[in-house]
Structure formats: C-alpha cells, structure tokens
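K.L.:
After the sequence you'll find the predicted model.
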Amino acid sequence: MSERLQKAISNTIEAGFQLDQEAFGFLETLSKTEDPIKFMETVIKKTEILAQKPLFINRSLLEEIATEQVKAKPENELTTTFPSLPQDQTTHPQFMFEARKEAFKPYAKEVEAQIKVLSDPTATVSTDGTLEGYMEYFQDRFRQLQRLLRQRFDVRDATTITQALQAKPNAKLKVIGMITERREAKQRTFIQIEDLENSATVLVPSNLDKPVLERVQALLLDQVVCLGVIKGRDDLLILEDLYLPEIPQRNPRKATEPIYTVLTSDLHFGSKKFMREHFHRFLLWLNGKTGNQRLRTLASHVKYVIIAGDLVDGVGVYPGQARELALKDVHRQYNVLSKYLEHIPDYVEVIIIPGNHDASRKALPQPAIPKEYGEPMYESRKINSLGNPSEVSLHGVDFLLYHGRSIDDVVSTVPGMTHSTPDKAMKLLLRSRHLAPIYGQRTPIAPAKRDFMVIERAPDIFHAGHVHVVKCDTYRGTTIVNSGAWQEQTEYMKQMGFMPDPGIVPIVNLQTMQLQTVNFTSNEGWT
C-alpha cells in the first residue's frame, strides 16, 4: 500500500467514516492514476452533507464522484480513463452486506433493563506502592481465601501452621497456607507455605494418588490452599491431600423472560487488523438489517452487549505495534470507535470494562476507562462503564466480568494448558477463587488494603477475553465464556505462534442459560 493511499484511508477514518472492502479495492486501483488523498477529501465533503451519514462509504458513491470529476475535466484531459474492477472479481463478496427491508420488531425494546452493579473497583482503586501496602494486600488475600476455604465442610477443622509444627510425629491434620515456593531437590518436590504467623516446608511424595498429584502440578505461586498433611520429623510436613477454595455446586440464577446478552471483547479499534466489515455486519445484525429469519429473531431478543476489554488497540503496547496501527493516537481511536458504538440500538444496554490495551492503568484492578479518553464514547450513547474486574446482575443473572490478562500466567505455569484452551485456565481461577493468583509475572497487580481479585461470589456467568479465542464451558453451575476478538492475526501474534479465531460472538439466553455463537465471518445465514 502506497503512503498516499494509506494517508487517504487514515484521513477517512479520522473523519468518522470507513470504506467497505469493495470500495477499498476501487480506491486502491484509482490511486494508480489519481491522487487518493485529494479524491477522498472530495468524498468526505460530499458525504458529510448527506441527510443520513453512512458509517461505511461504498463503491457506488466513489464511482459516482469519480465520474463527476471526469466529466468536469477539460476536454484535452478526457483521454485519461478511469480504472475500475469488474463486479465478478470482488475479492470478498461476503463483505457486501445488503440491509433487509422487512420490518424488525425487537422483543427486547419492550422490556425494561434490569442492571445492578454488584462490585466495581473504580471508586476505591488507590495505592501508595509502599512495602506496608504490599503486606496489607497479601494479608487481606489470605484472610479472604482462608474464610472461603473454611466454608468447605472438609476444611473447617484446619489448624494454623504453628499448631501443625507443634503436633506430634505421624499426626494427621489440615493446614491452610499460601504457596510461596515450589522446588525440586533430589527427585523430590517440596512446597513452601506460610500464613499470617509462620511458614513450613511440605514434602510431596511421588506415590500420591493421581488426582492429588494433578492438583499439585496445577498449583500456582501465591495461591491459598488447604493441605492435608502428616507431621514428619523436625519441622517437615508430608502431603497427603490438597483442597482448593472452589466455588460451590449450585443451580444458576435465571431471568424470567427470554432476554439475551451478547458477550464480546477485544475490538482493538485503531489497528489495521480490526475487522471493520465484519463488525459492520454485527451492527447491522443488532439492528435487524441483515441475516436470515433465525438470526434476526435472535437479534430481536438482545438486551445487553458486554465488551470485556481492549476496546482499542492503544499505542506502544507491544513491539512493532506502530506499523500495524491505522490510528496512531489513542484519543482518535476512542473518538472513531464512538461512531461505531452509537449504531448499537438505543434500547440495548452496553456494558464495558477496560483491558490491558485500553487507556486505563495497567495494574489490576483497573478503574473504568477515564473520561479524559472515553468521553467520545460516553457522549455518543449511554455506556455502563465499569472497572476490571467487576460484577453485575442483569435480569437477576450474576456476571463476573474480567479481561483475562492472568490467563497468560496460568498457561505458562500449568502443564497441559495453552492459549487455545482459555476455558481451562478460567476454570482453575474459579477453583482458586482468585482472578490473578500469581504475583510478579506478566500480570501487574497493584497493592491495596483489599484484594479485589478474590472471587467472593460464585457467578452465574464468568466472562473474559484477552486471548482472542472463543471457548465456552460450564463448571459447578457457572457458565464460562471466553469471547474471542474482532482483530485478525497481527505480526506479533505470528511471531508468538498464536492463531486467533475472531469474528465469532457468544450469545446467552438469560432465561434458559442456553449459549450459542454467531459467526460473522461466515456466509451461512447472511445471504
């Protein structure tokens, strides 16, 4: 792509418009004989005075303006032919979405929203970064998780580390501790644990039952667990069993009417890899303007859209990012994104949290995207902007919303877990009752008097993103959803060997808790 063509496209985006795929191909061909910057300046001026400004500029408009310019040229210049692409050579015909003319009567429009914020760290996020702050943070984590562990019937008799060390040799007991170290020595595994008063070394025998050994292999540093041990000689404890805080087995809460929630994340707006045509299809679908009858009926029940972080691509987030940015200013990224979000129907409630690419502090917990950056979004339509993580009740169904940065740490630590199976990592976080157990790796955590990353309540739906892969599962009554992305594979992803599956959106029926996905990159159901 030439620099002037790239500049023409950037100017178009900054003006609040997009080119669909066929229009882009037309402009690319035009740029070989005409100045694309001057041409698009004319197009933008003519588009801005239209009674109804389109979100996407299509090829027919470009052809019309180009024809006008040719007719306006002096006679001696008319030998210049205007290039065009044959209609049958459209590269991606699935990008040309025809809006349906049939009446669309959304069921959700007649239903009043029921939103209750259960927890949001935004108002209480603060840290002084002192040693005392870190101590208070870990002490609060231990107390919260110790209390959750003791809610288990089989852990209520657990003792302190000091009491365990004072027990007689061969005594069997249970002790609650935080994992501070794990090491291999002479083909034996040792675990170091500590509580608020003391610490101890625990030997892991190699002949433990397989389920116990698997739980040991999945242990994370800074995780709080209960260990069933035998008192050995001196101050050594010998592991027999391992208990996690766990979420309780229960039936999920359900709405009383068929209201649907769209779960998505990782738009990465501002990136050249942002899938604008497919997101355009998503917006048309929400408005009932595309899709077959089944898909339009599905859209008619959508009352909530949740975006779990990384709304924009940001600037300077990963090596070489600048080369793949269509918009290199984060304010402009949010500004143009707002023009997309305002096309979501006004009866649909939009709920957002930040991710590690957004203009919020990077350390967890993150406050809501500040007005300094998010004001264009907040002015374009009603936005329910919360921090990361947050809990919200929609029509009586409890959601735990978390961007998912710590999935990277779990994947790099636990054998058998990969970025292609984020549901497994999310399940482990639920079992640990903590969203970011490991301190000091890729997930930055800010010390505070309260650890907001503890999973106090078992959610009905646990929604995360970050890894750009759609995976869904259920665990003990909780629906687990990692919601994919709207960004194609970047060069950085290629270098990391990471293959996303973007453009696929999970949707949950809050009345039945039935989950289904809609593929906005497929031809099926859209023609």
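P.N.:
Cool, the structure landed.

K.L.:
Could you list the low-pLDDT ranges of the stretch 401-527 of the chain?
P.N.:
Counting by pLDDT under 70, the stretch 401-527 of the chain contains low-confidence residues at 527.

K.L.:
What lies in contact with the longest strand seen in the chain?
P.N.:
Residue-count comparison of every strand in the chain, with assignments taken from DSSP state E, identifies strand 172-185 as the longest. By CB atoms under 8 Å, 6 or more residues apart in numbering, the surrounding residues in contact with strand 172-185 are 138, 141-142, 146, 149-150, 155, 157-161, 163-164, 167, 189-195, 199-200, 219-231, 237, 240, 243. Just so you know, the C-beta spots here come from the backbone N, C-alpha and C atoms, and that holds for glycine as well.

K.L.:
For burial, what's the neighbour tally of the nearest residue to His268 once chain neighbours are set aside?
P.N.:
Once flanking residues are discounted, His268 sits nearest to Gln487: 3.9 Å by CB to CB, 6 or more residues apart in numbering. Counted by other CB atoms under 10 Å, the residues lying close to Gln487 total 24.

K.L.:
tell me what the strand or helix carrying Leu298 is packed against?
P.N.:
If you go by DSSP states H and E, Leu298 is part of helix 293-300. Under the contact definition 3 or more CB pairs under 8 Å, 6 or more residues apart in numbering; DSSP states H and E, helix 293-300 sits against helix 276-286, strand 515-519.

K.L.:
next SSE after it?
P.N.:
Past helix 293-300, further along toward the C-terminus, the next helix or strand under DSSP H and E is strand 302-308.

K.L.:
tell me the domain ranges of this protein?
P.N.:
According to automatic domain parsing, the chain comprises the domains 3-95, 117-124+249-519, 153-243.

K.L.:
deepest of those domains, which one?
P.N.:
Counting by mean count of other CB atoms under 10 Å, domain 117-124+249-519 has the highest mean neighbour count of the domains of the chain, with a mean of 20.

K.L.:
Quick one: residues contacting the nearest residue to Thr418 once chain neighbours are set aside.
P.N.:
The shortest distance from Thr418 to any non-neighbouring residue, by CB to CB, 6+ apart, is to Val411 (6.0 Å). Under the criterion of CB under 8 Å, 6+ apart, the contact partners of Val411 comprise 417-419, 422, 425.

K.L.:
one more time with 6 Å
P.N.:
Contact criterion CB atoms under 6 Å, 6 or more residues apart in numbering gives 417, 419, 425 as the residues in contact with Val411.

K.L.:
Can you give the distance from the helix holding Leu298 to the centre of its chain?
P.N.:
Relative to its parent chain, helix 293-300 has a centroid offset of 25 Å by CA atoms, centre = their mean, to the nearest Å.

K.L.:
Also stretch 388-408?
P.N.:
Centroid separation between stretch 388-408 and its chain, computed with CA atoms, centre = their mean, is 10 Å.

K.L.:
Mind listing residues that contact it?
P.N.:
Taking CB under 6 Å, 6+ apart as the rule, stretch 388-408 contacts 114, 116-120, 253, 255, 259, 304, 308-309, 353-356, 366, 422, 425, 435-436, 442-443, 459-467, 510.

K.L.:
what distance separates the start and the end of it?
P.N.:
16 Å (CA to CA, to the nearest Å).

K.L.:
Stretch 439-452 now?
P.N.:
Looking at stretch 439-452, the gap from its leading to its trailing residue is 14 Å under the measure CA to CA.

K.L.:
Quickly note the distance from Ser265 to Asn388.
P.N.:
Computed with CB to CB, to the nearest Å, the distance linking Ser265 and Asn388 is 11 Å.

K.L.:
Apologies, that question was intended for Arg143.
P.N.:
Computed with CB to CB, the distance linking Arg143 and Asn388 is 23 Å.

K.L.:
helices or strands up against the helix or strand of the chain with the lowest mean pLDDT?
P.N.:
Taking mean pLDDT, DSSP states H and E as the measure, helix 59-72 is the helix or strand of the chain with the lowest mean score, a mean of 74. In terms of contacts (3 or more CB pairs under 6 Å, 6 or more residues apart in numbering; DSSP states H and E), helix 59-72 is packed against helix 21-30.

K.L.:
quick one, the helix it packs on and helix 276-286 angle?
P.N.:
In terms of direction (axes from the mean of the first three to the mean of the last three CA atoms, to 10 degrees), helix 21-30 departs from helix 276-286 by 150 degrees.

K.L.:
Going along the chain, name the strands of the stretch 101-250 of the chain.
P.N.:
The residue ranges that make up the strands of the stretch 101-250 of the chain, judged by DSSP state E, counting those that start in this stretch, are 115-119, 172-185, 188-194, 199-204, 224-231, 236-243.

K.L.:
Out of those, which gets nearest to Cys472?
P.N.:
With respect to Cys472, and counting by CB to CB, the nearest of these is strand 115-119 at 22.3 Å.

K.L.:
Show the average pLDDT along that closest one.
P.N.:
The pLDDT scores in strand 115-119 average 97.

K.L.:
Give me the residues contacting it.
P.N.:
Residues outside strand 115-119 that contact it (CB under 6 Å, 6+ apart): 391-393.

K.L.:
I'd like the residues you listed written out as CSV, with secondary structure and distance to Arg294 added.
P.N.:
Conversion of those to CSV gives the following (DSSP: H, G, I helix; E, B strand; the rest coil; distance: CB to CB, whole Å):
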residue, secondary structure, distance to Arg294
Glu391, strand, 32
Val392, strand, 28
Ser393, strand, 29
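
K.L.:
so what's Asn335 up against?
P.N.:
When contacts are counted by CB under 6 Å, 6+ apart, Asn335 touches Pro376.

K.L.:
immediately after the helix or strand hosting it, which helix or strand?
P.N.:
Take DSSP H and E as the rule and Asn335 turns out to sit in helix 330-341. Toward the C-terminal end, the helix or strand that comes next after helix 330-341 (DSSP H and E) is strand 349-353.

K.L.:
for that next one, packing partners?
P.N.:
With 3+ CB pairs under 6 Å, 6+ apart as the test, strand 349-353 has strand 302-308, strand 383-385 packed against it.

K.L.:
For stretch 309-316, give the mean pLDDT please.
P.N.:
Averaged across stretch 309-316, the pLDDT comes to 95.

K.L.:
Numbering from 7 from now on, please.
P.N.:
From this message on, residue numbering opens at 7, which makes the last subject stretch 315-322.

K.L.:
got the end-to-end distance for it?
P.N.:
Terminal residues of stretch 315-322 are spaced 17 Å apart (CA to CA).

K.L.:
and the angle from the longest strand of the chain to strand 242-249?
P.N.:
With the same axes, to 10 degrees applied, the angle from strand 178-191 to strand 242-249 works out at 110 degrees.

K.L.:
The residue positioned nearest the centre of the chain and Ile357: what is the separation?
P.N.:
Nearest to the geometric centre of the chain sits Gly471, at 2.6 Å (CA atoms, centre = their mean). Using CB to CB, Gly471 is found at 13 Å from Ile357.

K.L.:
And Asn293, by the same measure?
P.N.:
For Asn293, the distance to Ile357 under the criterion CB to CB works out to 19 Å.

K.L.:
cool, and Lys216?
P.N.:
In this structure, Lys216 and Ile357 are 42 Å apart, going by CB to CB.

K.L.:
can you list contacts of the least confident helix or strand of the chain?
P.N.:
Contacting residues not belonging to helix 65-78 are listed as 28-29, 32, 49, 88 [CB under 6 Å, 6+ apart].

K.L.:
Including pLDDT and distance to Asn298, could the residues you listed go into TSV?
P.N.:
Supplementary listing: the contacts of helix 65-78 in TSV, determined by pLDDT from 0 to 100; distance: CB to CB, whole Å:
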residue	pLDDT	distance to Asn298
Glu28	75	22
Ala29	81	26
Phe32	81	29
Val49	88	33
Phe88	25	37
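
K.L.:
And the helices in the protein?
P.N.:
With helices called from DSSP state H, the chain shows them at 9-20, 27-36, 42-54, 65-78, 137-156, 167-172, 216-223, 282-292, 299-306, 336-347, 377-386, 413-419, 428-438, 497-501.
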